[in-house]
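J.: no FASTA, just this:
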DNA sequence: GAGTGGTCTAGACCACCCT
DNA sequence: GGGTGGTCTAGACCACTCA
């Protein structure tokens, strides 16, 4: 897929992803309005110099993100609800990304950040072997434009960070920290729950408030469990959506 | 894909789906244990008489359902957490299916079931045109083994049910009702929220309790909005999971 | 190096929708 | 009938993992 400005550095994703990115830009630029029909799969293939399969891959991605709607015999159309979906749950994003997607500037306030022995539950969740006994555990509040909108409880096996790791240097996104150690998470399994503030027990100032809990285990592309986290999002502050298909 | 007993009646799904069903059966039968490697894509293709692309489609489905884990250069392995995922949110299921997946017998207790004019909000959500003014609206409790575990508020445009529709005949799954009218939902967009019982205001006996709200609009494969629903699942009774991928 | 999955292509044919 | 997307195949080549 040739381009006018090919400045790809490292992370070259596959063609469908690249093409979906291009098309998403054009959608966001307003080149097509809600309800408009996109060019046919064949036309897009010719325009970008890729096969029809590749185009279909890209359109599949856009449809999964709720941005388009493809219909047999008719074509692919711009979805009406695309812009309203702030966070599509099946897309793995860091908390910082989620905050930014909602139009705020993220900031972390660490409550605790320590290396300590793992509990039995943590050992099981992170599938720790006999040799690994310690985890790097944090409790933090996530601020959006200065206001606490989420709380998170995280554990990382010390093994993945290396021996020379110093807890006090951490002050931002754990995703960044993991990426820096070359163990960026690419998959997570998230259980979803609704909880009231009283059951959290730390960092919360309004005891009656309700939170959406994402209880997750994150894995690298090699299947290594690198991060267990319970994140409590203040209800009403975030919009989480899932496109469900039968 | 030839079989010893091909008794396919109506809904012939595509090959990857069929193959995934076969493989899921073998997984559930315990033919492979957690951590075991499945046959290679080539072997499976030969065994079932399909191309490697088809096999990859099937394995993709199983991975999305959290049942397997495919790794480059190594093979496809049985996931450890597959059995624990009761309800994968991206899979569109009826409430009855969800209850059954958790091992209970579902039952509906209708509170109201009436045809009435649509509110403005409902008109917008269901994208009703000028000619359609009425919706079939229900409020019901979902019982699992006789106990109320979820509450739901649903609206269906009368247009999709036809003029000869009689509300009093409805006593079960709305999915069934829609299927009977040949407008079975195949897609939905679900917003997820956490709410406390006080904000529901009907059918709830324990005011302090917490619910997970799935606020959905369901579409047919032709893109027709056929059902708007707000379903409140009692927290702690259900396990909802999402596999998130970057 | 051998074996595995990851990506992409070209082409065929089918199913759906409109007029 | 003509145009659209839906499905499936065969084959090529690349990237990763392990011995």
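T.: Yep, it's here. Given the structure is predicted, the values throughout are model-derived calculations rather than measurements.
J.: switch to C-alpha atoms for all contacts and neighbour counts from now on
T.: OK.
J.: can you pull the contacts of the most centrally placed residue in chain A?
T.: Chain A has residue A:93 as the residue nearest its centroid, 1.2 Å off, counting by Cα atoms, centre = their mean. Contacts for residue A:93 (Cα atoms under 8 Å, 6 or more residues apart in numbering or on different chains) come out as residue B:246.
J.: what does residue A:186 give?
T.: Residue A:186 is in contact with A:92, A:218-221, B:245-246, counting by Cα under 8 Å, 6+ apart.
J.: surely residue A:238 is in a strand?
T.: No. Secondary structure of residue A:238 (DSSP: H, G, I helix; E, B strand; the rest coil): coil, not part of a strand.
J.: quick one: low-confidence ranges for chain A?
T.: A:1-12, A:81-85, A:163-164, A:167-170, A:199-207 (pLDDT under 70).
J.: what segments of it are strands?
T.: In chain A, the segments counted as strands under DSSP state E are A:68-71, A:75-78, A:87-88, A:106-117, A:134-144, A:147-157, A:187-196, A:210-219, A:225-234, A:240-245.
J.: hmm, back to that, most widely separated two among the contacts of residue A:186?
T.: A:92 and A:221 (12.7 Å; Cα to Cα).
J.: among the strands of chain A, which is nearest residue B:146?
T.: Among the strands of chain A, the nearest to residue B:146 by Cα to Cα is strand A:187-196 (23.2 Å).
J.: and chain B, is that closest one touching that?
T.: Yes. With Cα under 8 Å from any Cα of the partner chain as the criterion, chain B is reached by strand A:187-196 at A:187-196.
J.: run through the neighbouring helices and strands of that strand.
T.: strand A:210-219, strand B:187-196, strand B:210-219, strand B:240-245 (3 or more Cα pairs under 8 Å, 6 or more residues apart in numbering or on different chains; DSSP states H and E).
J.: and the angle from it to strand A:225-234?
T.: 30 degrees (axes from the mean of the first three to the mean of the last three Cα atoms, to 10 degrees).
J.: who does strand A:187-196 pair up with?
T.: Here strand A:187-196 is paired, per DSSP bridges, with strand A:210-219 (antiparallel), strand B:240-245 (antiparallel).
J.: give me the contacts around that strand.
T.: A:92, A:207-221, B:193-195, B:210-212, B:235-236, B:239-246.
J.: buried among those? Make that a ChimeraX selection.
T.: Buried members of these can be picked out in ChimeraX with the line below, counting by 16 or more other Cα atoms under 10 Å in any protein chain shown:
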select /A:92,210,211,212,213,214,215,216,217,218,219,220,221 /B:193,194,195,210,211,212,235,239,240,241,242,243,244,245
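J.: do I have it right that residue A:106 meets residue A:141?
T.: No. The criterion here is Cα atoms under 8 Å, and residue A:106 misses it with residue A:141 at 10.4 Å.
J.: hang on, residue A:208 packs against residue A:197?
T.: Yes. Using Cα under 8 Å, residue A:208 is in contact with residue A:197, at 6.2 Å.
J.: which residues of chain A lie near DNA strand D?
T.: Residues of chain A lying near DNA strand D by Cα under 7 Å from any atom of the strand: A:38-42, A:53, A:56, A:70-76, A:222.
J.: now the buried members of the residues you listed.
T.: A:38, A:41, A:56, A:70, A:76.
J.: who's in contact with the nearest residue to residue A:188 once chain neighbours are set aside?
T.: In space, and not counting its chain neighbours, residue A:188 is closest to residue A:218: 4.2 Å by Cα to Cα, 6 or more residues apart in numbering or on different chains. Residues near residue A:218 by Cα under 8 Å, 6+ apart: A:185-189, A:225-228.
J.: do that again at 6 Å, thanks
T.: By Cα atoms under 6 Å, 6 or more residues apart in numbering or on different chains, the contact set of residue A:218 is A:185, A:187-188, A:225-227.
J.: list just the nearest of these to residue A:116.
T.: residue A:227 (14.8 Å).
J.: so the closest one sits against residue A:157, correct?
T.: No. The criterion here is Cα atoms under 6 Å, and residue A:227 misses it with residue A:157 at 7.4 Å.
J.: now the closest residue in space to residue A:230 that isn't next to it in sequence: how far from residue B:58?
T.: Nearest non-adjacent residue to residue A:230, counting by Cα to Cα, 6+ apart: residue A:215, 4.5 Å away. Distance, residue A:215 to residue B:58, by Cα to Cα, to the nearest Å: 28 Å.
J.: and the strands of chain A: which comes nearest residue A:98?
T.: Residue A:98 lies closest, by Cα to Cα, to one member of the strands of chain A: strand A:87-88, at 6.6 Å.
J.: tell me what that closest one is packed against?
T.: Where contact means 3 or more Cα pairs under 6 Å, 6 or more residues apart in numbering or on different chains; DSSP states H and E, strand A:87-88 is packed against strand A:240-245.
J.: was I right about residue A:225 contacting residue A:184?
T.: No. Applying Cα under 6 Å, one finds residue A:225 not in contact with residue A:184, separated by 10.5 Å.
J.: with neighbour numbers in mind, choose between the two.
T.: Taking neighbours as other Cα atoms under 10 Å in any protein chain shown, residue A:225 and residue A:184 compare with residue A:225 leading, 22 against 19.
J.: so who does that one touch?
T.: By Cα under 6 Å, 6+ apart, residue A:225 lies in contact with A:126, A:218-219.
J.: ok, and the closest non-adjacent residue to it?
T.: residue A:219 (4.4 Å).
J.: beta partners of the residue nearest to residue A:230?
T.: Partner residues in beta bridges with residue A:215, using DSSP bridges, are residue A:191, residue A:230.
J.: report the contact partners of it.
T.: Going by Cα under 6 Å, 6+ apart, residue A:215 touches A:190-191, A:229-230.
J.: try 8 Å this time
T.: Applying Cα under 8 Å, 6+ apart to residue A:215 gives the contacts A:190-193, A:228-231.
J.: can you say which two of the residues you listed are spatially most distant?
T.: Spatial extent of the contacts of residue A:215 (Cα to Cα) is set by the pair A:193 and A:228 at 15.6 Å.
J.: before we move on, the earlier item: what about the residue nearest to residue A:230, distance to DNA strand D?
T.: Using Cα to the nearest atom of the strand, to the nearest Å, residue A:215 is found at 27 Å from DNA strand D.
J.: again with residue A:242
T.: In terms of Cα to the nearest atom of the strand, residue A:242 sits 20 Å off from DNA strand D.
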